[in-house]
Structures are given as structure tokens and as C-alpha cells.
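**Student:** Sharing a model that was predicted from the sequence below.
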Amino acid sequence: MKTKASIYAHTAQAKVMQALTIFLFTAIVMAIAAKFDSPIPLLTYLILALFIYYIGDMKAALYSDRLRVRATLGKRREYLFSQGKFWLESKPSLFAKLFGSEEGLRIVYQESGKRAVIVMNELFSDQDLRLLYAEIDRRQKAYANIDEGPLLG
């Protein structure tokens, strides 16, 4: 029987703050557009705000050989242990505090020869990020040990 992967999602506080932030910026843009008699209907801005909210909503799942991250209205991205390196980074900021992350923790991934990308950001809980990274680190080390095994020849 196959075991299911644990799924990690943004915290409720982060989702509320994200929605409020998007609403505030959308209201400001709508006010500016109305002031300058923009030909774009105001409903378009609301639809765009909903789209931005759902693109920003993400879920992550850890599998035996990869971390899979998927946005609600986006494509699934897979980060393989065998092709890159993960690390936990702390960048405390006002943004992180607003979204409920005291330490501003995030998980970063870098494939060899490419630049680093933030895989999971401050919208996930610090506790989830720590637990997930501990498991990622354990699996990364297991993959490193496989690569350093004896060569047959």
C-alpha cells in the first residue's frame, strides 16, 4: 500500500493578510483608474485581484525523491533531491511578520548551475517549514550517500 504524502498549505492568518493586502492594492488602483477615467471596467480589477489571490495560494507535498509545490491556479513544480540542494533561510521582515512568520523562514532550492529559487515562503507556518526541512535534509543526505557509494568497475 502506498503512503500518501503530507500536504502543507498556507496558514489561515497568512491567507487573510494576503487577501486584505490584495484588496487594499486593488482598491487603490481602482481609485486611481476612476480618477483618470480609465477605459478599463472596474470589474476587471476585481477579477484580476481574485486571480492574483489564487495564483499566490500554494500547497506543497513531500515525496520520496522530490518536493512538489503547486499553486491553486498554476502549474505544479517539482524539485528533485538528486538534481539540486535545499536549505532553510531566515529573512525577518515586516512582510513576514504581517503574514504570521516571526522569523521569516523559507525553503530555498538551487539546481546545479542555476540560480536559487524560493520554493516555500513566509506564508507557510514556521513550524511546518522546520518539520518539512528536517525531513528534506534527511532525504538529501540519503541521496548524497547514494551518490558517494562505491563505484563498480
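**Tutor:** Perfect, I can see it now. As the structure is a computational prediction, the values presented were derived from the model and not from experiment.
**Student:** mind listing what's buried in the helix or strand bottoming out on mean pLDDT in the chain?
**Tutor:** Counting by mean pLDDT, DSSP states H and E, the chain has its least confident helix or strand at helix 94-98, which shows a mean of 74. Buried residues in helix 94-98, counted by 16 or more other CB atoms under 10 Å: Ala96. C-beta here means a position set from N, CA and C on the backbone, and glycine is covered the same way.
**Student:** I'd like the next helix or strand past it.
**Tutor:** Downstream of helix 94-98, the first helix or strand assigned by DSSP states H and E is strand 105-111.
**Student:** Could you identify the helix or strand that succeeds that next one?
**Tutor:** For strand 105-111, the following helix or strand on the C-terminal side (DSSP H and E) is strand 117-120.
**Student:** Tabulate the CA atom coordinates of that next one in CSV.
**Tutor:** Presented in CSV, the C-alpha positions along strand 117-120 are these (Å, rounded to 0.1, in the frame of the first residue of the first chain):
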residue,chain,number,x,y,z
VAL,A,117,14.6,29.9,-6.1
ILE,A,118,12.3,30.3,-3.1
VAL,A,119,10.2,27.1,-3.0
MET,A,120,8.1,27.8,0.1
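**Student:** Enumerate the positions of the next helix or strand along the chain from it that are buried.
**Tutor:** Downstream of strand 117-120, the next assigned helix or strand under DSSP H and E is helix 126-147. Across helix 126-147, burial judged by 16+ other CB under 10 Å covers 126, 128-129, 132-133, 136, 139-140.
**Student:** which other helices and strands contact helix 126-147?
**Tutor:** If contacts are counted by 3 or more CB pairs under 8 Å, 6 or more residues apart in numbering; DSSP states H and E, helix 126-147 sits against strand 58-62, strand 84-90, strand 105-111.
**Student:** Contacts made by the last one with the rest, please.
**Tutor:** Strand 105-111 is contacted by residues 67, 79, 83-91, 116-122, 126, 129-130, 132-133, 136 when judged by CB atoms under 8 Å, 6 or more residues apart in numbering.
**Student:** how about 7 Å then?
**Tutor:** For strand 105-111, the external contacting residues (CB atoms under 7 Å, 6 or more residues apart in numbering) are 79, 83-91, 116-122, 126, 129, 133.
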